[in-house]
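S.K.: okay, here's the prediction I keep looking at, along with the sequence it came from:
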Amino acid sequence: MQVALRYLIKRVAYALGLWGAVLLSAFMLFHLVPTDPARVFLGPNASVEQVTAVRERLGLDRPLAEQLREQAHRMLTFDLGRSWIDDRPVATEVVRKLILSLGLALLATVLLGIYLAITLFIDAAFNKISLTRTSDFLCSATPTLFIGVIVALASVAWYPYSQFSGSLTSLNDWLFLLPPAFVLALYPMGVLGRLARDQTRMIEASDYVRAARARGLGTATVFLNYTLRNTMVPLLAAFGNQLPLFLTSAFIVEIVFSVPGIGSLLLKSVLERDLPTLEGIVLVTSGFSIATSLVLEFLYPIADPRIRQPRAR
């Protein structure tokens, strides 16, 4: 119990420190951008007096250390400020868009899991190694932007569910997300599919799996308790490494398929130089990525309890 508690505290402390570093980096980066926020907020025709008043209202005339301390305090209450363009709360808008992006990512993860299950079944039941290798190569070698444009054009021409309500409240909305979710899951399918197949075959040939079969254990018991459980650790680690690329690809896919998620908000904020919204997107998406990696860290000891055991000296 103490070992598990120490493992938990260390991982949470590391995640909080990493997110603090992201907060500091984002704050310094956006304050180094050669753009006057007050001028952007008021427009090019504002007078000097108006710009000065807005800078005082936004607190931009105070020292950077004081601004950083105030922003860190706002983060504790999830206050990301207000947009310079339309004066809307950044946190509300980013979370609303992020929910759509998470729905897309969730659907892509489901498709990824189905693909892994099918390829492992084909490899194990029919020994079609060349077929699964070819599918992995095609998935990982196809550029996301290229296949995204092709699938988007095909969806507009033949896919019946091409209307999206802007939320995830109906089955039609989820069916609309199916083509972009497929494009988003395509590259991880190739990478994780190859890794899962190679790890499974290597573990199946190991001594402890042969010993388990020699003791009379059934095929399903050996696969679930030995093969699959030992495959999960490298598979979860690889998925965690793919997560930043997964989020980046989601931005591209959303723009190609006109999904009003965090990607469209990011593009809009860049074009309008809305720095508070940009900073909010960076902080929220990085926080989600760090939290997901933290969850995966907690899943490693479940798959292999030896991970949380102290090393012998």
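M.R.: Structure's in. What do you need?
S.K.: got a pLDDT number for Ala124?
M.R.: pLDDT for Ala124: 65.
S.K.: ok, now Glu272?
M.R.: 77.
S.K.: now it, nearest residue through space, not along the chain?
M.R.: Leaving aside its chain neighbours, Glu272 sits nearest to Ile85 (5.2 Å; criterion: C-beta to C-beta, 6 or more residues apart in numbering). (C-beta placed from N, C-alpha, C; glycine too.)
S.K.: got the phi/psi numbers for that neighbour?
M.R.: With angles defined as degrees, to the nearest 10, Ile85 sits at phi -90, psi -50.
S.K.: look up the closest residue to Leu98, ignoring the ones flanking it.
M.R.: Leu98 sits nearest to Ile262 (C-beta to C-beta, 6+ apart), 5.2 Å away.
S.K.: the one you found contacts Val95, correct?
M.R.: No: the criterion here is C-beta atoms under 8 Å, and Ile262 misses it with Val95 at 9.6 Å.
S.K.: okay, these two: which has more neighbours?
M.R.: Ranked by neighbour count (other C-beta atoms under 10 Å), Ile262 and Val95 place Ile262 first, with 27 against 16.
S.K.: roughly how far apart are that one and Thr277?
M.R.: Distance, Ile262 to Thr277, using C-beta to C-beta, to the nearest Å: 11 Å.
S.K.: next one: Leu32
M.R.: Leu32 sits 18 Å away from Thr277, taking C-beta to C-beta as the criterion.
S.K.: out of everything not next to it in sequence, what's closest to Asn230?
M.R.: Ile203 (5.1 Å).
S.K.: how about Ala291?
M.R.: Per C-beta to C-beta, 6+ apart, closest to Ala291 is Ala15, 7.2 Å.
S.K.: ok, the one you found - contacts?
M.R.: Ile290, Ala291, Ser293, Leu294 (C-beta atoms under 8 Å, 6 or more residues apart in numbering).
S.K.: between those residues, which sits nearest Asp173?
M.R.: Checking the contacts of Ala15 against Asp173 with C-beta to C-beta, the nearest one is Ala291 at 25.1 Å.
S.K.: thought Leu266 was touching Gly280?
M.R.: No: assessed by C-beta under 8 Å, Leu266 is found out of contact with Gly280, at 10.3 Å.
S.K.: circling back: hey, what's in contact with both of Ile262 and Thr277?
M.R.: With C-beta under 8 Å, 6+ apart as the test, Ile262 and Thr277 both reach Val94.
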